[in-house]
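Visitor: the amino acid sequence is not available; the structure is as follows:
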């Protein structure tokens with residue numbers, strides 16, 4: 001239950017940082033027990049495979065937002081309300097996967113997908129890295145080829161960055177473990193505050 005509440009609060013905070021207005025549904029939301037929710041998410045993402053330099057789960061970096069909505073196994077929703085009649089796809093915005101997937105979002109800008117953000121243990125790189133991975137395993141694999149920086153908003157978080165061609169993988173490390181991560185292409189992969 002706390003996970004869903006936290007996800008909702010994080011989503012609203014990110015939307016506030018993006019400058020968009022949250023569109024809130026008045027319909028009641030039923031909450032699944034955490035273990036059941038995690039199983040449902042894993043099942044929904046089971047056929048997705050690894051996060052690669054090209055993208056994740058049928059969504060390729062650089063494809064249109066409309067193509068991404070068709071490719072991903074669950075609906076992708078944008079919670080930003082259009083400003084001045086301009087569709088959110090024209091600017092920078094996030095596309096959030098709907099339940100049972102709660103730990104995946106895509107960042108779009110100019111109508112194209114530029115990155116995926118992951119807070120679920122279900123998504124992994126080809127090397128098996130993802131939420132819950134020990135930072136030491138990433139450091140051992142990439143050594144000096146990996147960048148390391150203090151997170152711009154949370155000084156207790158270290159960002160480990162691995163570059164593969166035009167794609168970057170950024171792992172947020174808290175207490176020696178990946179808490180969240182993202183993969184994508186410039187310029188969206190470099191936005192620390194999502195659309196901020």
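Guide: The structure has been received and is ready for your questions. Only a predicted model underlies this, so the values are computations on that prediction, with no experimental measurement involved.

Visitor: any idea what the spatially most central residue of the chain is bridged to?
Guide: For the chain, the residue whose C-alpha lies nearest the mean C-alpha position (Cα atoms, centre = their mean) is residue 117; its distance is 1.3 Å. Per DSSP bridges, the residues bridged to residue 117 are residue 105, residue 182.

Visitor: what sits against it?
Guide: Applying Cβ atoms under 8 Å, 6 or more residues apart in numbering, one finds that residue 117 lies in contact with 94, 104, 105, 106, 107, 180, 181, 182, 194. To be clear about C-beta, it is placed using only N, CA and C from the backbone, and glycine gets the same treatment.

Visitor: distance of it from residue 191?
Guide: If you measure residue 117 against residue 191 using Cβ to Cβ, to the nearest Å, the figure is 10 Å.

Visitor: what's the overlap in contacts for these two?
Guide: Residues touching both residue 117 and residue 191 (Cβ under 8 Å, 6+ apart): residue 107.

Visitor: now do stretch 172-179, average pLDDT.
Guide: This predicted structure assigns stretch 172-179 an average pLDDT of 98.

Visitor: ok, back up a step: identify the farthest-apart pair in the contacts of residue 117.
Guide: The largest distance within the contacts of residue 117, taken as Cβ to Cβ, falls between 94 and 181 and amounts to 15.6 Å.

Visitor: returning to what we had before: how close does the residue nearest to the centre of the chain sit to residue 194?
Guide: Separation of residue 117 from residue 194 (Cβ to Cβ): 8 Å.
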